[in-house]
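Enquirer: could you look at this predicted model? Sequence included:
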Amino acid sequence: MTRDADLTPADDLPTDPDLVESDPAESNPQPQAPRPRTPRRVVAAIAAGGALGGPARYGLGLAFPTAPHTFPATTFAINITGSFVLALLMVFILDVWPPNAYVRPFFCVGFLGAYTTFSTWMVDTDRLLAAGAYGTAAANVFLSLAAGIAATSLGLSLGRGIAAWRGKRRRHLEHPAPASVLALSTEQS
C-alpha cells in the first residue's frame, strides 16, 4: 500500500501540501520556505479593478435584461467582450507597453475577472435546464465556448498585428531609407 492510501484522521497532514517537500524514503517531510507574499499594492490594484469590473457587469445586466427562459444574451456578450479584451490586453501588456507591475493585476485580474462571469453563465444554463429549455441551454454552453475561443483568437491576432505594425514603424523611424532610395522613389512618381 502507498503511504497516502492508509490515512486516518489522526495523521498529521500539512495544510498546504505544495509547501511540503516530501521524499518517499523519508518519514518526516521537510517544509519548504514559504512563498513570497503578494505586495499590498498589487492586491490593491486587483481590488480596485474588481471594484469597477463587477459594477460594470451588473450595470450592463440592468441595462440589457434577458427575459426568463431565453438565451442569456447579456451574459454571453459580457463574456465574449471580456475574452476579446483580455487577449488584446495581454499582447499589449507583454509585447507593446513598457513593463508595469500594476496594469495586468488591475485590468486582467481585477477588472476583467469581475466583469466576466463563469458563475452567471452556469446559473443561466441551470435555469434554462430547469425550465426545460434544453436546446437553449445547450446553445448557451456551446456558443459561449466557441465564441469565447473565437474572440480570444481575434484579440490575440489583432494585438499581435498591432505589435508587429508598431515594431515595423519603430524600425523605420530609427533607420529611415537612404536618400538615394527616397530620390529614386520620388523620380518614379
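Expert: Happy to help now that I have it.
Enquirer: so which residues of the protein form strands?
Expert: For the chain, applying DSSP state E gives strands covering 20-21, 30-31.
Enquirer: could you identify which of these has the lowest mean pLDDT?
Expert: In terms of average pLDDT, strand 20-21 trails the rest of these, at a mean of 52.
Enquirer: check contacts around residue 86.
Expert: For residue 86, the contact set (C-beta atoms under 8 Å, 6 or more residues apart in numbering) comprises 108, 112, 116, 152, 155. C-beta: built from backbone N, CA, C; applies to glycine.
Enquirer: separation between residue 122 and residue 141?
Expert: Distance from residue 122 to residue 141, counting by C-beta to C-beta, to the nearest Å: 9 Å.
Enquirer: if you count surrounding residues, which of the two has more?
Expert: Set residue 122 next to residue 141 and count neighbours by other C-beta atoms under 10 Å: residue 141 wins out with 16 against 13.
Enquirer: might one say that the more buried one is in contact with residue 125?
Expert: Yes. Using C-beta atoms under 8 Å, residue 141 is in contact with residue 125, at 5.8 Å.
Enquirer: who are the packing partners of the longest helix along the chain?
Expert: Using DSSP state H to define each element, the chain has its longest helix at helix 134-174. Counting contacts by 3 or more C-beta pairs under 8 Å, 6 or more residues apart in numbering; DSSP states H and E, helix 134-174 packs against helix 73-91, helix 118-130.
Enquirer: quick one: average confidence on it?
Expert: When pLDDT is averaged over helix 134-174, the result is 93.
Enquirer: could you do stretch 72-80 as well?
Expert: 97.
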